[in-house]
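Chemist: this is a predicted model, with the sequence first.
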Number of protein chains: 2
Amino acid sequence: MKPLFIITNDDGYNAKGIHALTDVARQLGDVVVMAPAGNASGQSHSFTATRPLRVNTISEEEGLSIYACDGTPVDCIKVCDQFYCPRRPSLVLSGINHGSNSSINVLYSGTMGAVLEASVAGFPAIGFSLLDHNPDADFGPALPFVRNIIEMVLQKGLPQRVSLNVNIPVPTDGVIKGMKLCRQSVAKWLNSYERLIDPHGRPYYWIAGQFECDDNDEGTDQWALENGYVSIVPTTADFTAYSFLESREIANPTT
Amino acid sequence: MKPLFIITNDDGYNAKGIHALTDVARQLGDVVVMAPAGNASGQSHSFTATRPLRVNTISEEEGLSIYACDGTPVDCIKVCDQFYCPRRPSLVLSGINHGSNSSINVLYSGTMGAVLEASVAGFPAIGFSLLDHNPDADFGPALPFVRNIIEMVLQKGLPQRVSLNVNIPVPTDGVIKGMKLCRQSVAKWLNSYERLIDPHGRPYYWIAGQFECDDNDEGTDQWALENGYVSIVPTTADFTAYSFLESREIANPTT
């Protein structure tokens, strides 16, 4: 039996990046695309409970079905798994995102939300992101790496509840040097809303934001990307801070 | 100078749980409440970028200001930090959530999304949740523990980028036995949408879901809660799966 891939993203089913990823996956197996109908960036791990979901069939042909869902990337994984997979998927893929999901961006990313959801559900899963926000970004140089990583995971698998967060640089000389297994850099987005006044005199706030990262030692994803390497961060949905856990006692309140 | 608390939640500024938390915090310092205007459960770490945010002033008095924001819990932290804090907050509090955020629920929770956002921004932060979804839940038995944990963190602080995910049981005998420092249990929500047909003959999907957790050894939050203890999981936004990182090499593609 050929491998079956579920593919999603957070840029919408018609983004250039998901087409590129689908083309790679089609060379290796069958594909079900279930992706948001429109842009769902910054949706993180949110899901839809207060209204029902709709799924539109975009196309269904031998080995490749494409559906658009009016929910989040996490919704896409959940509904696809239950209703739209002809057999158990071998691997869940998300992306290729237009823009970075390295470092702390993993926390906000709908692309990586879908990956963590798939991983928690028991599927091996990989998120791919290119460091270029342009809707017409050139995914060409990234594709040999994308294919290689998919093949590695098909062959060797991943430990239970470990997924991969893959980010691909766009070096100025066009040459990607290789791949590095990394830890997630410590970083943050500085809050910098623009405060503006609407035509009726009321204020509103529009997020701008500036990425701040001082943690770029060798071994971090930030270092890898700045030095022309694809960064691969093995990722877990266990948020426990184990270092703290091992060092503390909790006293009970005296009430 | 008195401590200043930012308080948010994902049940909305007018939920009973946030009033209970605000009452506790007011005994210890000044409070700025910036919470979603309505229910924002399941919003995880999502934020609003494609439209501006609005903030409504609910009330402003000496030591207690309350604002409602039409964004997510993460938006609340970001906009409050930049525009609505008279001085640097000592501590960010989120909740008290109506319903559990233990185990894998931390991934989906807007309450904990706000906590992780505050922690990444450099503030000590605590999320509180009561294991009772009822809008009129009785928060009384939880409050001595809530106050005790806040006082502990005010006194001892938290390590950089470590926050706390506190869940409070509702034992059948009404007696909470104490507190346990725990790791996050492994669990998942089984996907179980109801597939229904609308009056126009088109299908729609409404999420139901069933929580499945077999990981309830002593030391887990699941064990603590099932045995009548408050669970405290130290939580990080570093998603790196370090065990995998230490064990693997990555080969470059041969292209």
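Modeler: Yep, that arrived.

Chemist: longest helix of chain A?
Modeler: helix A:143-156 (DSSP state H).

Chemist: buried ones in it?
Modeler: The neighbour-count check on helix A:143-156 (16 or more other C-beta atoms under 10 Å in any protein chain shown) flags A:Leu143, A:Phe145, A:Val146, A:Arg147, A:Asn148, A:Ile149, A:Ile150, A:Met152, A:Val153 as buried. C-beta here means a position set from N, CA and C on the backbone, and glycine is covered the same way.

Chemist: could you dump these into JSON lines and include distance to chain B?
Modeler: Below are the buried residues of helix A:143-156 laid out as JSON lines (distance: C-beta to the nearest C-beta, whole Å):
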{"residue": "A:Leu143", "distance to chain B": "9"}
{"residue": "A:Phe145", "distance to chain B": "6"}
{"residue": "A:Val146", "distance to chain B": "9"}
{"residue": "A:Arg147", "distance to chain B": "7"}
{"residue": "A:Asn148", "distance to chain B": "3"}
{"residue": "A:Ile149", "distance to chain B": "8"}
{"residue": "A:Ile150", "distance to chain B": "11"}
{"residue": "A:Met152", "distance to chain B": "8"}
{"residue": "A:Val153", "distance to chain B": "11"}
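
Chemist: what is the most widely separated pair among the residues you listed?
Modeler: Using C-beta to C-beta, the buried residues of helix A:143-156 span at most 15.9 Å, a distance reached by A:Leu143 and A:Val153.

Chemist: surely A:Cys80 and A:Val31 touch.
Modeler: No. Under the criterion of C-beta atoms under 8 Å, A:Cys80 makes no contact with A:Val31, lying 11.3 Å away.

Chemist: more neighbours: these two, which one.
Modeler: Counted by other C-beta atoms under 10 Å in any protein chain shown, A:Cys80 and A:Val31 do not tie: A:Cys80 has more neighbours, with 26 against 23.

Chemist: so who does that one touch?
Modeler: A:Ile6, A:Thr8, A:Val32, A:Met34, A:Tyr67, A:Cys69 (C-beta atoms under 8 Å, 6 or more residues apart in numbering or on different chains).

Chemist: which SS state does A:Thr111 fall under?
Modeler: Here A:Thr111 is recorded as helix under DSSP: H, G, I helix; E, B strand; the rest coil.

Chemist: should've said A:Val79
Modeler: Per three-state DSSP, the secondary structure class of A:Val79 is helix.

Chemist: burial measure for it, as a count.
Modeler: By other C-beta under 10 Å, 23 other residues sit near A:Val79.

Chemist: dump the residue contacts of it.
Modeler: A:Met34, A:Leu53, A:Val55, A:Cys69, A:Gly71, B:Asn191, B:Tyr193, B:Tyr205.

Chemist: before we move on, the earlier item: I'd like the buried residues of helix A:143-156 as TSV, with pLDDT appended.
Modeler: Listed next are the buried residues of helix A:143-156 as TSV, based on pLDDT from 0 to 100:
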residue	pLDDT
A:Leu143	97
A:Phe145	97
A:Val146	98
A:Arg147	98
A:Asn148	97
A:Ile149	97
A:Ile150	98
A:Met152	96
A:Val153	97
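
Chemist: turn those residues into JSON lines, columns for distance to B:Pro124.
Modeler: Below are the buried residues of helix A:143-156 laid out as JSON lines (distance: C-beta to C-beta, whole Å):
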{"residue": "A:Leu143", "distance to B:Pro124": "44"}
{"residue": "A:Phe145", "distance to B:Pro124": "40"}
{"residue": "A:Val146", "distance to B:Pro124": "40"}
{"residue": "A:Arg147", "distance to B:Pro124": "44"}
{"residue": "A:Asn148", "distance to B:Pro124": "42"}
{"residue": "A:Ile149", "distance to B:Pro124": "38"}
{"residue": "A:Ile150", "distance to B:Pro124": "41"}
{"residue": "A:Met152", "distance to B:Pro124": "40"}
{"residue": "A:Val153", "distance to B:Pro124": "38"}
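
Chemist: just these now: which is nearest A:Arg183?
Modeler: Of all those, A:Ile149 has the smallest distance to A:Arg183: 17.5 Å, by C-beta to C-beta.

Chemist: any idea how far the residue nearest to the closest one when sequence neighbours are not counted lies from A:Gly127?
Modeler: Leaving aside its chain neighbours, A:Ile149 sits nearest to A:Val166 (6.0 Å; criterion: C-beta to C-beta, 6 or more residues apart in numbering or on different chains). Distance of A:Val166 to A:Gly127, computed by C-beta to C-beta, to the nearest Å: 6 Å.

Chemist: same deal with A:Ala25?
Modeler: 14 Å.

Chemist: give me the common contacts of those two.
Modeler: A:Leu93.

Chemist: more crowded one of those two?
Modeler: Taking neighbours as other C-beta under 10 Å, A:Ala25 and A:Gly127 compare with A:Gly127 leading, 33 against 23.

Chemist: first-to-last residue distance for stretch A:173-182?
Modeler: 23 Å (C-alpha to C-alpha, to the nearest Å).

Chemist: residues contacting A:Lys206?
Modeler: To be clear, residue A:206 is Trp; Lys isn't right here. A:Tyr193, A:Glu194, A:Leu196, B:Pro52, B:Leu53.
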